[in-house]
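Enquirer: Coordinates for the following, if possible.
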Amino acid sequence: FKLSAFKEAFTSFFVIVASASVGLTFRWIEFLISPTVPYYVYLFSSILGVFGIKNTLSNPTTILLYTPSGTLPVLFEAGCIGVYSLLIFSILLVVAMVETSASKRTKILWSLAGLIGVFFVNILRLLILIASIYFYGYDIGQQVHQVIGYVLFLTWLGLFLLLFTKRQTILGKIQLVQRK
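Expert: Prediction:
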């Protein structure tokens, strides 16, 4: 029984178990983070203000948008925080980290960078969604809501995996530029 056989079996087994339990895990995490939603809403309300989108908090989980056509409430729940994308990214991250021969330090740093990236992608997702509601109303906002998360998540995932797999080449080029 070789270690490479174990790694190969682990990856397949992990993906099957993780995929089968992602819904239950999401519900559990959603329950745990629900108390943090008001802090996230407050942060996001501030970010909207920086971008010139007039808003106030009507309660801890609702932002009121002051649009040219009237006031629109936007309700936030635990799912809005991006838990699902963090969970899916984490599953893929475990597989990527098990399959690579990088050092533990490299794996930890890249994992943190990837998870932070997912957080910022989610902020961008919400900003695009809220801006579409603000400027075009709920109907367009609903259409944007259905696709923007997938587009941004898959774009980040592709970029992250590209950078991670090409990290040695990128590092070599950076070191070459620094020597000049």
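
Enquirer: Tell me the buried residues in stretch 122-130?
Expert: For stretch 122-130, the neighbour count (16 or more other C-beta atoms under 10 Å) marks 122, 125-130 as buried. C-beta here means a position set from N, CA and C on the backbone, and glycine is covered the same way.

Enquirer: Could you pull up the mean pLDDT of that stretch?
Expert: In this model, stretch 122-130 has an average pLDDT of 94.

Enquirer: same question, stretch 92-107
Expert: 84.

Enquirer: in that stretch, what's buried?
Expert: So, applying 16+ other C-beta under 10 Å, buried residues of stretch 92-107: 92-97, 107.

Enquirer: show me the contacts for the spatially most central residue of the chain.
Expert: What sits nearest the mean C-alpha location of the chain, by C-alpha atoms, centre = their mean, is Val118, with 2.9 Å. Listed by C-beta atoms under 8 Å, 6 or more residues apart in numbering, the contact set of Val118 reads 82, 85-86, 89, 153, 156.

Enquirer: which among these end up buried?
Expert: Among the contacts of Val118, the ones that count as buried by 16+ other C-beta under 10 Å are 82, 85-86, 89, 153, 156.

Enquirer: In helices, which of the residues you listed appear?
Expert: Within those, residues falling in helices by DSSP state H are 85-86, 89, 153, 156.
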